[in-house]
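# how would this look folded up:
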Amino acid sequence: MTRGRIKIAVNTGGGDAPGLNAVIYAVTLAADLRGWDVYGLRMGYLGLLDTDEIVHLTPDKVQGIVALGGTILGTTNKGNPFEMPVRNAVGDVEVRDVSDRVVENFKRLGLDVLVAIGGDGSLAIAHKFSQKGMPVVCVPKTIDNDLAATVITFGFDTAVSTATDAIDKLHSTASAHERVLVVEVMGRYAGWIALNAGVSGSADAILIPEIPFDIDAVSRRIGDNELRGKHYGIVVVAEGAVPKGGGRIHKGGGEEGRQEVVLGGVGEYVAKAIAERTGKDTRAIVLGHLQRGGSPTTFDRLLALRFGAAAVRMIAEGKRNVMVAHRPPGMVAVPIEDAIGKMKCVPLDSDSILTARETGVCLGD
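Got it, this is the predicted structure:
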């Protein structure tokens with residue numbers, strides 16, 4: 001068991017997700033209850049590169065933030081200290097490893113442990129820091145719900161609710177104009193958001209990365225609507241969906257400090273193909289970052305609070321270099337190396353897939 005006064009640093013990395021502020025709130029209050037101090041690092045690890053970006057978090061400073069979307073600490077996709085884009089004296093961008101400076105400042109400030117809140121990429125960075133002697137406890141965060149070590153991540157329920165609400169609204173306008181509307185949702189290489197929102201929103205077709213789609217099968221499904229007197233259609237497509245025999249559609253990469261490609265464009269691809277095959281007026285709608293924003297649902301608030309409280313509890317128990325994982329009925333600690341690099345995809349025999357098929361949803365195969 002950990003004894004004495006502990007100084008905890010906390011940061012948020014990668015894309016934002018509803019519930020981040022609830023984690024920060026729980027970490028701050030659970031630590032304060034034990035007489036410990038919490039310091040928030042702004043914009044990922046920037047707070048350990050520029051100490052002016054560190055804020056002392058106290059209960060009064062986090063009151064009222066549980067219901068807020070985003071993160072009061074800010075976040076970035078370009079803040080990997082092991083590959084930090086830095087402009088040199090002539091203005092050119094160079095990628096440098098500034099991780100030693102981060103560790104040095106962590107120790108100089110007398111910090112004891114970092115609570116790193118983030119997705120797979122952020123967890124991988126935290127794991128590297130643990131190997132350099134910085135004690136860390138990670139909290140998983142992704143609206144994509146694609147981390148294998150935990151049953152669910154906060155932010156997912158809110159993203160699905162947002163997408164479902166949008167699909168519900170699109171039914172009326174699609175019906176009014178007798179159009180086919182193709183709704184592109186987030187999820188990267190996993191189809192959790194598309195499947196859950198699509199089934200809940202009564203979509204005619206749902207295209208997910210786990211099942212390469214045949215556009216002719218999708219078009220036939222739209223044609224079947226006409227035979228049943230339904231003159232419109234709703235198709236939900238995950239941003240990482242792949243056509244049979246083709247490659248993944250993306251906007252490219254190339255942003256400074258980003259290694260991952262920027263997915264997007266599959267919605268337009270599907271809409272154009274359906275229009276060509278059916279003759280129906282077909283439009284694509286990209287929900288994009290709308291799914292990341294807004295107040296977290298009740299489910300996500302409670303889940304995020306549980307993650308934050310569990311992180312502090314694990315620190316008190318002397319656990320380090322672990323990730324908090326939700327494995328009902330409780331939270332457990334798993335080694336970070338066991339939690340990263342393993343994607344959780346939609347099982348093709350899952351009950352949600354079976355439900356989709358048995359309610360007549362086309363999955364593109």
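# okay, the nearest residue in space to Met343 that is not next to it in sequence: pLDDT?
Leaving aside its sequence neighbours, Met343 sits nearest to Asp146 (C-beta to C-beta, 6 or more residues apart in numbering; 5.2 Å). Where C-beta positions appear, they are placed from N, C-alpha and C, glycine not excepted. Per-residue confidence (pLDDT) for Asp146: 95.
# Count the neighbours of Asp146 for me.
Asp146 has 24 neighbouring residues, counting by other C-beta atoms under 10 Å.
# Also the one 3 residues further on?
Here the number of neighbours of Ala149 (other C-beta under 10 Å) works out to 21.
# check contacts around the closest residue to it other than its chain neighbours.
The spatial neighbour of Ala149 that comes closest, neighbours along the chain excluded (C-beta to C-beta, 6+ apart), is Ala339 at 3.8 Å. Taking C-beta atoms under 8 Å, 6 or more residues apart in numbering, we find Ala339 in contact with 123, 138, 140, 147-150, 323, 325.
# Out of the residues you listed, give me the two with the largest separation.
Distances among the contacts of Ala339 were taken as C-beta to C-beta; the most separated pair is Cys138 and Ala148, at 14.0 Å.
# of these two, who's got more company?
Cys138 (29 against 15).
# helices or strands up against the helix or strand hosting the more buried one?
Assessed by DSSP states H and E, Cys138 sits inside strand 136-140. Contacts defined by 3 or more C-beta pairs under 8 Å, 6 or more residues apart in numbering; DSSP states H and E place strand 136-140 against strand 113-118, helix 120-131, helix 298-316, strand 322-327, helix 336-339.
# Quick one: residues in contact with the third one.
Under the criterion C-beta under 8 Å, 6+ apart, residues 1-2, 6, 8, 18-20, 22-27, 30-31, 34, 36, 66-67, 113, 115, 137, 139-140, 152, 154-158, 296, 322, 324, 326, 331, 333 lie in contact with helix 298-316.
# let's go with 7 Å and repeat that
1-2, 6, 8, 18-19, 22-27, 30-31, 34, 66, 113, 115, 137, 139, 152, 154-155, 157-158, 296, 322, 324, 326, 331, 333 (C-beta atoms under 7 Å, 6 or more residues apart in numbering).
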